[in-house]
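Visitor: Give me coordinates for this.
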Amino acid sequence: MAILIVRGLNNSIVATDDAVAGLVPSYTLLDYSGQLAVGPAYQLTFGVNNLANSRYFTKRAGEYPGPGILPGAARSVYLGVGARF
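Guide: The predicted structure follows:
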């Protein structure tokens, strides 16, 4: 089984000179995940977040680590193994 997820956000606020407030542009992320049964007792889980490695930011900060925008996460890959006893 595989799952494809598309995520996005749209937020608009009047901008300020210090970059603490302002437009957070909409963005779209593409994630992929899947599971593979390996025999009756084992399962392999895998996935990629931000498959297209899009550059985006999700919010603005007025304090640490700001002020300014906080960038979103780059592409990441994960792999897991599960077992039933």
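
Visitor: so what's N53 closest to, chain neighbours aside?
Guide: R75 (4.2 Å; Cβ to Cβ, 6 or more residues apart in numbering). (C-beta placed from N, C-alpha, C; glycine too.)

Visitor: ok, how many other residues are close to the one you found?
Guide: Burial of R75 is recorded as 13 neighbouring residues (other Cβ atoms under 10 Å).

Visitor: Surely it touches G47?
Guide: No: applying Cβ atoms under 8 Å as the test, R75 and G47 come out as separate, 11.1 Å apart.

Visitor: and the residue nearest to N53, what pLDDT?
Guide: pLDDT, R75: 97.

Visitor: show me the contacts for it.
Guide: V48, N49, N50, L51, A52, N53 (Cβ atoms under 8 Å, 6 or more residues apart in numbering).

Visitor: From the contact counts, what lies against the host helix or strand of L36?
Guide: Taking DSSP states H and E as the criterion, L36 maps to strand 24-38. Applying 3 or more Cβ pairs under 8 Å, 6 or more residues apart in numbering; DSSP states H and E, one finds that strand 24-38 makes contact with strand 2-11, strand 42-49, strand 57-61.

Visitor: Run through the bridge partners of Y27.
Guide: Judged by DSSP bridges, the bridge partners of Y27 are L9.

Visitor: That one and G72 touch, don't they?
Guide: Yes: using Cβ under 8 Å, Y27 is in contact with G72, at 7.3 Å.

Visitor: Common neighbours of those two, please.
Guide: Joint contacts of Y27 and G72 (Cβ under 8 Å, 6+ apart) are S54, Y56.

Visitor: re the thing from before, next, work out how far apart the residue nearest to N53 and E63 are.
Guide: 28 Å (Cβ to Cβ, to the nearest Å).

Visitor: so what pLDDT did the residue lying closest to L36 once chain neighbours are set aside get?
Guide: Nearest residue to L36 in three dimensions, chain neighbours excluded: L44, at 4.4 Å (Cβ to Cβ, 6+ apart). At L44, the model reports a pLDDT of 97.
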